[in-house]
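Colleague: Sequence first, predicted model second:
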Amino acid sequence: MKQKKMWLMQMPANLTSSAGSSRTGGGLANLTSSAGSSRAGEGIDLPNIDIRVMGSALELVLITGLNCQFMFNEIIRMLHEDGAEVVNASFSVLDNTIFHTIHSKIGESAQDYGAARISERLRKFVHDFS
């Protein structure tokens, strides 16, 4: 648990939601958020999603406040709707911020256009909420 916290503290603050992992900025060490707020101090706007596609693997990191737990369930539902198999899902809580990590597998026929379509749907869902 201590190692996971250290890893989270060293994550870059300005997560982008592009499929190519372009991350910039400082760590999340000074991330603070109130449960009713969608703003996370100096760091990032909440909620935030980072999506990476690596072949048939789709990795999502969803960062939310305590008041957005339903987003995790909705994203799992959307992945199933699009035919993705959720291989692993986990979360960590740091102060008032929840870090959800979802590993899923998409079918080979859906790798090209399916990954882009799934990614766009998920980004739109998270963006429309914030």
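Modeller: Noted; the coordinates are in hand. Residues are numbered from 1 along each chain as shown.
Colleague: Could you pull out the helices in the chain for me?
Modeller: 2-10, 69-81, 113-129 (DSSP state H).
Colleague: Tell me which of those helices sits nearest to Ser104.
Modeller: helix 69-81 (5.4 Å; Cβ to Cβ). Yep, even glycine has a C-beta here, placed from its N, CA and C like the rest.
Colleague: And Phe99, how far from Asp82?
Modeller: As judged by Cβ to Cβ, to the nearest Å, Phe99 and Asp82 stand 23 Å apart.
Colleague: how about low-confidence regions in the protein?
Modeller: 1-44, 109-112 (pLDDT under 70).
Colleague: can you do 90?
Modeller: 1-46, 54-56, 66-69, 82-83, 106-117, 129-130 (pLDDT under 90).
Colleague: hang on, the earlier thing: could you save the helices of the chain as a markdown table and add columns showing distance to Ala89?
Modeller: As requested, the helices of the chain are arranged in a markdown table below (distance: least, Cβ to Cβ, whole Å):
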| stretch | distance to Ala89 |
| --- | --- |
| helix 2-10 | 15 |
| helix 69-81 | 7 |
| helix 113-129 | 14 |
